[in-house]
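1. My questions concern the predicted model and sequence given below.
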Amino acid sequence: MRRSMGQAALDRDITVASPPLKSKLNLLFGVIALGGFVFIVSQRREIGSLRAEASEWEAKLATRPHPRVSAPESVANAAPPKEKEADAVSGSGIDWKTAVMISRGELSNADAILFRRQVEALSLDEVVAAVDELEASDMPERTKMNLSYRFLLKLSKADPRSALERFEKYADEDPNIGNLLVVAMESWVKQDSGAALAWLDRWVAANPVYDNALSRISSGRVKFESVVIKTMLSEKPDVLVERISAMPREEAVNMCSSIDWERSKTTDPFAFAELVRQSLSKDDRDLVLKSKAGMVAQYGLDKASEFLDRIHVQPDELKVCLETVVKTRMERDASDPDLGKEIKTMRDWVAARDAGQADTLTGAAFGHALQGRDLDFDEVAPVVMTFQQSAGNDEVLHAFLKNGGCCHGSKSLELAAKISDPAVREEVVRHIKNHR
């Protein structure tokens, strides 16, 4: 009973004390809310002020000329300008410390854009001065090369000769710089082909790539000579024949194969094919022409026909070109769900150009399809035999088992037993056993 009375008294005390406590809490919450409101308002005002200030600075940057900051002392002292040229070339105004940081990716994209605009705004004399300063500096070679690209963008258009002479050492080192030098080379050849080729000959003679007997291909030279060919083919093919003939064999083949002339709208395929025929050996000529025939064949037999007609394919070139077209087409996805119909179309296409190759290339087509498309041997073999019997000779089966049909062990041997000519049969059996 006493505990109940004490508890009741305590409840009365709490009840009495609650109203003042609630009032204090409400006041506290009100003060906090008011303070938060004031803080938010002040922050919004400050943000608005900062945005206005940023807009003002942005407008100033857009209208003011780029600052002309002198090069570092180590750069400026290395190659002082001549007194007579001091007014015309008084220094590039490039902030090299900033330039290096940009090349390393240490500054923002906005800084990089401002630097690019600064370079674009330079006069030709100032670009040349900047390149002189860059070359005379003690920066690491990799940094110089990275920065060179930024100046070459303008120099290759304004003065192609200077671009090539100043940045030639990077032609084999950096593909981006190499591509810009090719643009410069094209411009120079159009302006003065004699001077451009003389420079190219000097560059080739001094190119260290050729000092290594294991590597006889300069990617820079391939690009330079390629653009020379495209630019001069219609007017001076004799000069080009002489140049290609003087190149290392593997380099000449690489160049003639890499130039995209087979479907070009600006380069005459026949003129280029004639250049290849006059410049390369028969084997290398066949290597180039068949590779181009194969590339065109990816787009269909009609395109392959068009290519062969445009280059006026010669009888001794036709065989390798047809072989490559058949291989390319049959290793790709089927053009017809019925393999027999697809092979029939291919056979007719070959026969229209060289009837003597029809049977052999029919068998080869089956072999390429079997291997390239990962078909089932048991499904392909009966179709092969249908064409074999229709041909009335061993050529279809012989070519099939020599091109993809030889890698199926006892099944291949069983099919080889159906070849009627003992000598051919023995040859094919040996081939199959060597490819188990």
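-> Alright, I've got the coordinates. What you see is a predicted model, and the numbers here were worked out from it, not measured in a lab. Numbers count the residues shown, from 1 in each chain.
2. Quick one: residues contacting the spatially most central residue of the chain.
-> Centre of the chain computed as the mean C-alpha position; nearest residue by C-alpha atoms, centre = their mean is residue 175, 9.4 Å away. Listed by C-beta atoms under 8 Å, 6 or more residues apart in numbering, the contact set of residue 175 reads residue 219. To be clear about C-beta, it is placed using only N, CA and C from the backbone, and glycine gets the same treatment.
3. so where does the residue lying closest to residue 401 once chain neighbours are set aside fall, helix or strand?
-> Closest residue in space to residue 401, ignoring its immediate chain neighbours: residue 428 at 5.0 Å, by C-beta to C-beta, 6 or more residues apart in numbering. Assigning secondary structure by DSSP states H and E places residue 428 in helix 422-434.
4. Quick one: mean pLDDT for that helix?
-> The average pLDDT within helix 422-434 is 93.
5. Low-confidence ranges, the stretch 101-250 of the chain, go.
-> 212-215 (pLDDT under 70).
6. Buried residues, stretch 272-285. List them.
-> 272, 273, 274, 275, 276, 277, 279, 280, 284, 285 (16 or more other C-beta atoms under 10 Å).
7. Now do the fourth one against residue 176, distance only.
-> Computed with C-beta to C-beta, to the nearest Å, the distance linking residue 275 and residue 176 is 29 Å.
8. domain assignment for the protein?
-> As given by automatic domain parsing, the domain ranges for the chain are 1-64, 66-79+88-158, 333-436.
9. any idea which of these scores lowest on pLDDT?
-> Looking at the domains of the chain, the bottom one is domain 1-64 with a mean of 49.
10. Please list the outside residues in contact with stretch 288-308.
-> With contact meaning C-beta under 8 Å, 6+ apart, stretch 288-308 is reached by 253, 256-257, 261-263, 269, 273, 276, 280, 311, 313, 317-318, 320-321, 323-325, 327-329, 332, 345-346, 349, 353.
11. Now which of the residues you listed would you call buried?
-> With burial judged by 16+ other C-beta under 10 Å, the buried subset of these is 253, 256-257, 261-262, 269, 273, 276, 280, 311, 313, 317-318, 320-321, 323-325, 327-329, 346, 349, 353.
12. Inside helices: which ones of these?
-> 253, 256-257, 269, 273, 276, 317-318, 320-321, 323-325, 327-329, 346, 349 (DSSP state H).
13. which is the next helix or strand following the helix or strand where residue 126 lies?
-> Using DSSP H and E, residue 126 sits in helix 124-136. With elements assigned by DSSP H and E, the helix or strand that comes after helix 124-136 is helix 141-158.
14. Output the contacting helices and strands for that following helix.
-> Here helix 141-158 touches helix 96-103, helix 109-121, helix 124-136, helix 160-167, helix 175-191, going by 3 or more C-beta pairs under 8 Å, 6 or more residues apart in numbering; DSSP states H and E.
15. switch the cut-off to 6 Å
-> Here helix 141-158 touches helix 96-103, helix 124-136, helix 160-167, helix 175-191, going by 3 or more C-beta pairs under 6 Å, 6 or more residues apart in numbering; DSSP states H and E.
16. Would you mind pulling the contact partners of the next helix-or-strand element following the last one?
-> Heading C-terminal from helix 175-191, the first helix or strand you meet, by DSSP H and E, is helix 193-206. In this structure, residues lying in contact with helix 193-206 by C-beta atoms under 6 Å, 6 or more residues apart in numbering are 168, 188, 189, 221, 224.
17. repeat that for 7 Å
-> Helix 193-206 is contacted from outside by 164, 168, 185, 188, 189, 221, 224, 232, using C-beta atoms under 7 Å, 6 or more residues apart in numbering.
18. so can I have CSV of those residues showing distance to residue 99 and neighbour count?
-> Shown next, in CSV, are the contacts of helix 193-206 (distance: C-beta to C-beta, whole Å; neighbours: other C-beta atoms under 10 Å):
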residue, distance to residue 99, neighbour count
164, 23, 25
168, 22, 19
185, 26, 28
188, 27, 25
189, 32, 21
221, 30, 22
224, 28, 28
232, 38, 19
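19. Relative to residue 405, which of those residues is nearest.
-> Proximity to residue 405 was ranked across these by C-beta to C-beta; first place goes to residue 221, at 43.2 Å.
20. quick check: angle from the helix or strand the closest one falls within to helix 193-206?
-> Here residue 221 is covered by helix 219-232, with elements defined by DSSP H and E. Orientation of helix 219-232 against helix 193-206 (axes from the mean of the first three to the mean of the last three C-alpha atoms, to 10 degrees) gives an angle of 160 degrees.
21. burial count for residue 103?
-> Neighbourhood size, residue 103 [other C-beta atoms under 10 Å]: 21.
22. returning to what we had before: flag every buried residue along the helix holding residue 428.
-> Quick answer for helix 422-434 (16+ other C-beta under 10 Å): 424, 425, 427, 428, 429, 432.
23. Provide the contact partners of that helix at residue level.
-> Residues contacting helix 422-434 (C-beta under 7 Å, 6+ apart): 394, 398, 401, 402, 406, 412, 413, 416, 419.
24. In contact with the last one, which residues?
-> If a contact means C-beta under 7 Å, 6+ apart, then residue 419 has 394, 397, 398, 425, 428 as its contacts.
25. circling back: list the buried residues in the helix holding residue 221.
-> Judged by neighbour count using 16+ other C-beta under 10 Å, the buried positions of helix 219-232 are 219-232.
26. Report all helices and strands that it contacts.
-> helix 175-191, helix 193-206, helix 237-245, helix 249-258 (3 or more C-beta pairs under 7 Å, 6 or more residues apart in numbering; DSSP states H and E).
27. Can I get these in TSV including distance to residue 148?
-> Below are the helices and strands packed on helix 219-232 laid out as TSV (distance: least, C-beta to C-beta, whole Å):
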stretch	distance to residue 148
helix 175-191	6
helix 193-206	16
helix 237-245	28
helix 249-258	25
